[in-house]
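Novice: A predicted structure for the sequence below; I have some questions about it.
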Amino acid sequence: TLRVYEKEWRIKLEPFWGNKNLNDITNASIAAFEDWYLKEFSGMVYFQTRKHLNMLLNYLHDQGYVGKKYKTRSLDGFIASKTKKVKPFRVYTEQEQRALIQNIETNLYKFALMLYFDTGARKMEILSRKWEDFHFDKGFVKIWSDKNKKWRNVPLTKRCKTLGEEILKSAASEYVFPLTSDSSRHISGQYFDKAWVDTKKASKIKGRARVHDNPHTFASATAKDGWPIPIACQILDMSVKVYISTYVHTDERDAKNWIRKTFDRSGA
């Protein structure tokens, strides 16, 4: 994480602040930086732009350059008017899921993709799992939520159970997805992202497609299949409000199918 921030500082912050001294950091220069940044990186989506601006201010505060009561301009409205909105999340079709699983480079990564698609878990919730979290005899995996600080038991599908048991036979680490160079640690999200990008190309999936879209895919599938909302929220570890407003995506065909199902039954 520190390396990522150092890179962001060099590329996006240092060109403006590199020659300036402590006395140059004023309300006016902060405002000038915001204007320069939004113009220089106009293609950035809203949350990335805000993240980097706030990262700078947090750095200045931590170093004692800016006081605790320092406030920048209202970033929400100001930045939103100058940057494009975050693009909608993608929901993977069953065909795309099959292609991704088929084209991933190793059985271990294939297991990771199956867990993503079949549990709806977040990326690091999967990559940080230990074998002791898997209870194949009872058919579930214990997943720790860093977001909500609690464990949840998620049932395993047949394909996850079968492949997981096969990989466990030759496992040499307590982690399911260990680093090749150090089996006492699990792989990072960036490490898996490289394999994900290669797999997308091999699967001929075009456009914006991220690992983080998997929970959206899972949530949308639960809604389409008529899951009780409390059960879906329990598995996904999210509130009903977030589940409905953020993660469930439907299309016109879903509405047509439900209308047809209801009125065919009623004889209308």
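Specialist: All right, it came through fine. Numbering: from 1, shown residues only.

Novice: Dihedrals phi and psi, Phe140?
Specialist: phi -150, psi 160 (degrees, to the nearest 10).

Novice: how close does it sit to Phe134?
Specialist: Phe140 sits 8 Å away from Phe134, going by Cβ to Cβ, to the nearest Å. The way it works is simple: take the backbone N, C-alpha and C, and place the C-beta from them, glycine included.

Novice: so what's Ser29 closest to, chain neighbours aside?
Specialist: Once flanking residues are discounted, Ser29 sits nearest to Lys20: 7.1 Å by Cβ to Cβ, 6 or more residues apart in numbering.

Novice: what's around the one you found, how many residues?
Specialist: Number of residues near Lys20 (other Cβ atoms under 10 Å) recorded here: 11.

Novice: Could you check which of Phe140 and Phe134 is surrounded by more residues?
Specialist: Phe134 (21 against 17).

Novice: Settle this for me: the more buried one is touching Gly164, isn't it.
Specialist: Yes - here Phe134 reaches Gly164: they are 6.0 Å apart, a contact under Cβ atoms under 8 Å.

Novice: what do those two both touch?
Specialist: Taking Cβ atoms under 8 Å, 6 or more residues apart in numbering as the criterion, Phe134 and Gly164 both touch 156, 176.

Novice: on that earlier part again, need the overlap of contacts for Phe140 and Phe134.
Specialist: By Cβ under 8 Å, 6+ apart, the residues touching both Phe140 and Phe134 are Leu156.

Novice: Disregarding residues adjacent in the polypeptide, which is nearest to the spatially most central residue of the chain?
Specialist: Nearest residue to the geometric centre of the chain (Cα atoms, centre = their mean): His212, 3.1 Å. Spatially, and ignoring its direct neighbours in sequence, His212 is nearest to Lys123 (6.6 Å; Cβ to Cβ, 6+ apart).

Novice: could you measure that neighbour against Ile101, distance?
Specialist: 16 Å.

Novice: give the contact list for the residue nearest to the centre of the chain.
Specialist: Counted by Cβ under 8 Å, 6+ apart, His212 has contacts 89, 122-123.

Novice: Could you do Gly164 as well?
Specialist: If you count contacts by Cβ under 8 Å, 6+ apart, Gly164 has them with 111, 134, 136, 156, 176.

Novice: Confirm for me that Ser128 is in contact with His186.
Specialist: Yes - using Cβ under 8 Å, Ser128 is in contact with His186, at 5.2 Å.

Novice: Overlap of the contact sets of the two?
Specialist: Common neighbours of Ser128 and His186, counting by Cβ under 8 Å, 6+ apart, are Tyr175.

Novice: before we move on, which element is Ile143 in?
Specialist: Ile143 belongs to strand 140-145 when assigned by DSSP states H and E.

Novice: how about low-confidence regions in the stretch 151-268 of the chain?
Specialist: 265-268 (pLDDT under 70).

Novice: try it again with 80
Specialist: 250-255, 257-258, 261-262, 264-268 (pLDDT under 80).

Novice: Can you get me the start-to-end distance on stretch 168-176?
Specialist: End-to-end distance of stretch 168-176 (Cα to Cα, to the nearest Å): 8 Å.

Novice: Quick check: buried residues in it?
Specialist: Within stretch 168-176, the residues scored as buried using 16 or more other Cβ atoms under 10 Å are 175-176.

Novice: returning to that earlier point: for the contacts of His212, which one is nearest Val248?
Specialist: Using Cβ to Cβ, Phe89 is the member of these that lies nearest Val248, at 10.6 Å.

Novice: Spatially nearest residue to that closest one (excluding sequence neighbours)?
Specialist: Of all residues not flanking Phe89 in the chain, His216 sits nearest, at 4.4 Å (Cβ to Cβ, 6+ apart).
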